[in-house]
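Participant: prediction below, plus the sequence it came from.
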Amino acid sequence: MTAGHHLVHGERVAMPVRVRDAALAAAMFAVPAAPVQALIAYSGLEAARPWRGKAVCSLVCVRYADGDLGPYHEFGVAFLVRHPDGRRGTGVFVHWLPVNQEFTLEAGRSIWGFPKELADIPLHLAGRTKRCAVRFGGRTAIELAVRSGLPVPVPSGRAVPDLDAYSCLEGTTRRISWTVEASGVRVRPGGARVRLGDHPVAEELREIGLGHARALSTTTVARASMVFGEAEEVRP
C-alpha cells in the first residue's frame, strides 16, 4: 500500500473507492438477540437491541454495474451493532459477504477486512419481485425474494445517513466509513421470503431464527452510488 492507494492483484486501487452505478434489494428481520450476540462474539462488538430481546439482521443483494472494483454481484448478512466508542446510534457489522468475482474478493479482504468469499450468485432485479441466491458448487446457502413496495422520495438522493460499517477478519475489527446516494427507492413493510439450504452458513442463520422470521421491511433501489473510505482498526 502507498498513501491513498492499495495494490490488488497488481493493480492500484485509489481511495476512497467509488461505486457509480449499483442496484439492490434488501430486507430487515427482528431475530433473537442472544444467539446473534453469540454468533458475532468473535468481533468484540455488541448487537444493538432496539426491542427487548431482539436484534436486527439485514440481508442485501447488490448488482455493481460500474465501480472502481469492476462489475460483480454481492450478497450480505449484516447486523445492527452499538458503536464500540460509546457514540449514540448504531453501525452495521458485516458478518458474511460472498461475491462472484476474484478482484473484489481480494480488494474487500485486503483493504477493509470484509469477510468476502467466492460464490455463484444468480441475481434477478427486474420485475416486481427481486430474486437472489448464494450457491457453492451447486449447494445452496440461501435464497432471497423481495417484493417491491411504494416509491419513496429521497431528498438530495440520500437514501440513508452516512454509516459506519464494521468488519472483522483474522481477529482484527475495523471501522469503514460508507456513504450512499440513491434514486428509484421503494419501501414496504414485510415483503420478503427466505429459503435456507444445506450449507453451513444456512445452519448459522437457522440458529439465529432467520428460517422462520418475518421481514420487518424491504427496500429496493434502482440506482445507487457509494463511497467507501479507508478502514480503521478499532478495539471493542
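Facilitator: That came through, no problem.
Participant: only C-alpha atoms from now on, for both contacts and neighbour counts.
Facilitator: Fine.
Participant: run through the bridge partners of the residue most central in space within the chain.
Facilitator: The centroid of the chain falls nearest to G76 when counting by Cα atoms, centre = their mean (3.6 Å). On the basis of DSSP bridges, G76 is bridged to V60.
Participant: for it, give its distance to G53.
Facilitator: 23 Å (Cα to Cα, to the nearest Å).
Participant: which of the three states applies to the closest residue to P200 other than its chain neighbours?
Facilitator: Excluding its sequence neighbours, the residue lying closest to P200 (Cα to Cα, 6 or more residues apart in numbering) is A141, at 7.5 Å. Taken by DSSP: H, G, I helix; E, B strand; the rest coil, the conformation at A141 corresponds to strand.
Participant: touching, A141 and A202? I think so.
Facilitator: Yes. Using Cα atoms under 8 Å, A141 is in contact with A202, at 5.3 Å.
Participant: what residue ranges in the protein score low on pLDDT?
Facilitator: 1-3, 156-161 (pLDDT under 70).
Participant: where do the helices sit along it?
Facilitator: 33-39, 102-107, 200-207 (DSSP state H).
Participant: what distance separates the first one from the centre of its chain?
Facilitator: I take that to be helix 33-39. How far helix 33-39 lies from its chain's middle: 18 Å, per Cα atoms, centre = their mean, to the nearest Å.
Participant: show me what counts as buried in it.
Facilitator: Neighbour-count burial for helix 33-39 flags A33, P35, V36, Q37, L39 (criterion: 16 or more other Cα atoms under 10 Å).
Participant: who's in contact with that helix?
Facilitator: Applying Cα atoms under 8 Å, 6 or more residues apart in numbering, the contact partners of helix 33-39 are E46, A47, R49, G53, K54, A55, E204, E207, I208.
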